[in-house]
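Asker: No sequence on hand, only this structure:
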């Protein structure tokens, strides 16, 4: 009889352990729908939706990623680490003992509703990763790092134990959707002695609804209205050393709404090059030139898939441009010291929508455009303070271009 009682006690004890483990390792989410590895926001945009993973990060699984499949209305998506029983009506990073990188403003939130500038904003198609450096499990200090598209953006030290930090994703507007990978792996390829393929992403200072693969830019916006512009702006302005660049239309997409031109550094992200002041552009779909206005002038032939479009500046002989290649150094000095950015895209991360830009009354220069190696035409324009930056716009589904920012070098 005693053996029977002992057997049942053992079975009850084992069942109880399973129940405790089931509760301990259960994912939690609110105002979200999970469909396989897809998380979708299910609120009304007034309330936060939050997901907390079932297990904390560990030595064997110290990193996770999400891919933004839809930014929804406002793109208020966050990725970070939180305690197991974090309040699900708060974005990760807002409450104590949590930290998160927010896609909509590129800020780091570290246990506070006031964020600090940290890295680039993230858009549809971008991958955001979060992990803990391996030495955090041994030295008692936790160093949390964040990545964008496989490159480390920055890191921050937080108090607590690694075993108390769970993967978390926050959303806050209609239509937001991400693909979750809790088993993602992180490791710098240089450590394995592998060849690194240059992504050319560091050549671009601003990317909005555009992704970079090697030298190819691809439009990933909605392509439904004139506000769905995808914009790519180079990190450095044209200069006497590099005064010309080109693109090849590799896929014209639905409408070939592709524009090549030059713009001031703080040009609005949702305006085609040429539409707003401080910009000039040659548009492929209608062959018109737009110079600081939404109304274009007839300028040259239309451009199609396979065509090569070029843009350059004829600088005066006595022209001196002091900014040169060091244009970004002053911006990096203003970044928080704790976030040592490896991928310094968006070094100037103010609101691009602000149209009150720099003083545009600069020296006159001659801007010219080419098509398949032949000059189409030229226009005299005032050079903005800080120079003219190569700027490319796209606006219809499927558009792709191959860009060479230095076609005359070598």
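Answerer: Nice, I can see it. The structure presented is a predicted model; accordingly, all values stated were derived computationally and were not measured.
Asker: Enumerate the helices of the stretch 301-410 of the chain by residue range, in sequence order.
Answerer: Here the stretch 301-410 of the chain has its helices, by DSSP state H, counting those that start in this stretch, at 329-333.
Asker: ugh, typo on my part, it should be the chain
Answerer: According to DSSP state H, the chain carries its helices in the segments 2-24, 136-139, 329-333.
Asker: quick one: low-confidence parts of the stretch 51-200 of the chain?
Answerer: Residues of the stretch 51-200 of the chain that meet the criterion pLDDT under 70 lie in 137-140, 187-200.
Asker: ok, 50 please
Answerer: Low-confidence segments of the stretch 51-200 of the chain, defined by pLDDT under 50: 188-198.
Asker: Relative to residue 79, how far out is the residue nearest the centre of the chain?
Answerer: Nearest residue to the geometric centre of the chain (C-alpha atoms, centre = their mean): residue 122, 3.0 Å. Separation of residue 122 from residue 79 (C-beta to C-beta, to the nearest Å): 9 Å. C-beta: built from backbone N, CA, C; applies to glycine.
Asker: Overlap of the contact sets of these two?
Answerer: 103, 128 (C-beta atoms under 8 Å, 6 or more residues apart in numbering).
Asker: Just give the closest residue to residue 185, not the sequence neighbours.
Answerer: Sequence neighbours aside, residue 63 is the residue nearest to residue 185 in space, at 6.7 Å (criterion: C-beta to C-beta, 6 or more residues apart in numbering).
Asker: pretty sure the one you found contacts residue 129?
Answerer: Yes: Residue 63 is within contact range of residue 129, at 6.2 Å (criterion: C-beta atoms under 8 Å).
Asker: the more surrounded of those two?
Answerer: residue 129 (24 against 20; other C-beta atoms under 10 Å).
Asker: From residue 172, how far out is the more buried one?
Answerer: From residue 129 to residue 172 the distance is 20 Å (C-beta to C-beta).
Asker: Equivalent analysis for residue 117, please.
Answerer: 20 Å.
Asker: just residue 254 next, same as before
Answerer: 31 Å.
Asker: Residue 306 too?
Answerer: Using C-beta to C-beta, one gets 43 Å for the distance from residue 306 to residue 172.
Asker: So the two - more neighbours on which side?
Answerer: Legend: neighbour count by other C-beta under 10 Å for residue 306 and residue 172, higher for residue 172 (24 against 10).
Asker: Might you report the residue contacts of the closest residue to that one other than its chain neighbours?
Answerer: Using C-beta to C-beta, 6+ apart and skipping residues adjacent in sequence, the residue nearest residue 172 is residue 76, 3.8 Å away. Shown in contact with residue 76 (C-beta under 8 Å, 6+ apart): 91, 102, 103, 104, 170, 171, 172, 173, 176.
Asker: Need the overlap of contacts for residue 63 and residue 129.
Answerer: Joint contacts of residue 63 and residue 129 (C-beta under 8 Å, 6+ apart) are 184, 186.
Asker: which ones are touching the closest residue to residue 72 other than its chain neighbours?
Answerer: Nearest-residue entry for residue 72: residue 175, 3.1 Å, with adjacent residues in sequence omitted and distances by C-beta to C-beta, 6+ apart. Applying C-beta under 8 Å, 6+ apart to residue 175 gives the contacts 41, 70, 71, 72, 73.
Asker: I'd assumed residue 45 was in contact with the last one.
Answerer: Yes: in terms of C-beta under 8 Å, residue 73 counts as a neighbour of residue 45; the distance is 6.4 Å.
Asker: which of the two has more neighbours?
Answerer: Just comparing residue 73 and residue 45: by other C-beta under 10 Å the higher neighbour count belongs to residue 45, 17 against 13.
Asker: That one contacts residue 171, correct?
Answerer: No: here residue 45 does not reach residue 171: they are 9.7 Å apart, not a contact under C-beta under 8 Å.
Asker: show me where the stretch 51-200 of the chain has strands.
Answerer: For the stretch 51-200 of the chain, the strands defined by DSSP state E, counting those that start in this stretch occupy 63-71, 78-82, 99-102, 107-110, 116-117, 127-132, 142-148, 151-158, 166-171, 176-181.
Asker: now those strands in CSV, with distance to residue 36?
Answerer: CSV is the format used below for the strands of the stretch 51-200 of the chain (distance: least, C-beta to C-beta, whole Å):
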stretch, distance to residue 36
strand 63-71, 12
strand 78-82, 19
strand 99-102, 23
strand 107-110, 28
strand 116-117, 35
strand 127-132, 17
strand 142-148, 23
strand 151-158, 27
strand 166-171, 15
strand 176-181, 9
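Asker: Among those strands, which comes closest to residue 249?
Answerer: With distances scored as C-beta to C-beta, the stretch of the strands of the stretch 51-200 of the chain nearest to residue 249 is strand 63-71 (25.7 Å).
Asker: How much space separates the residue nearest to the centre of the chain from residue 239?
Answerer: On the measure of C-beta to C-beta, residue 122 and residue 239 end up 30 Å apart.
Asker: swap in residue 230?
Answerer: Residue 230 is 26 Å from residue 239, by C-beta to C-beta.
Asker: Between the two, point out the one with more neighbours.
Answerer: A direct count of neighbours by other C-beta under 10 Å for residue 230 and residue 239 places residue 230 higher, at 29 against 19.
Asker: residue contacts, the residue nearest to the more buried one when sequence neighbours are not counted?
Answerer: Leaving aside its sequence neighbours, residue 230 sits nearest to residue 209 (C-beta to C-beta, 6+ apart; 3.7 Å). For residue 209, the contacting residues are 123, 124, 219, 220, 221, 222, 228, 229, 230, 231, by C-beta under 8 Å, 6+ apart.
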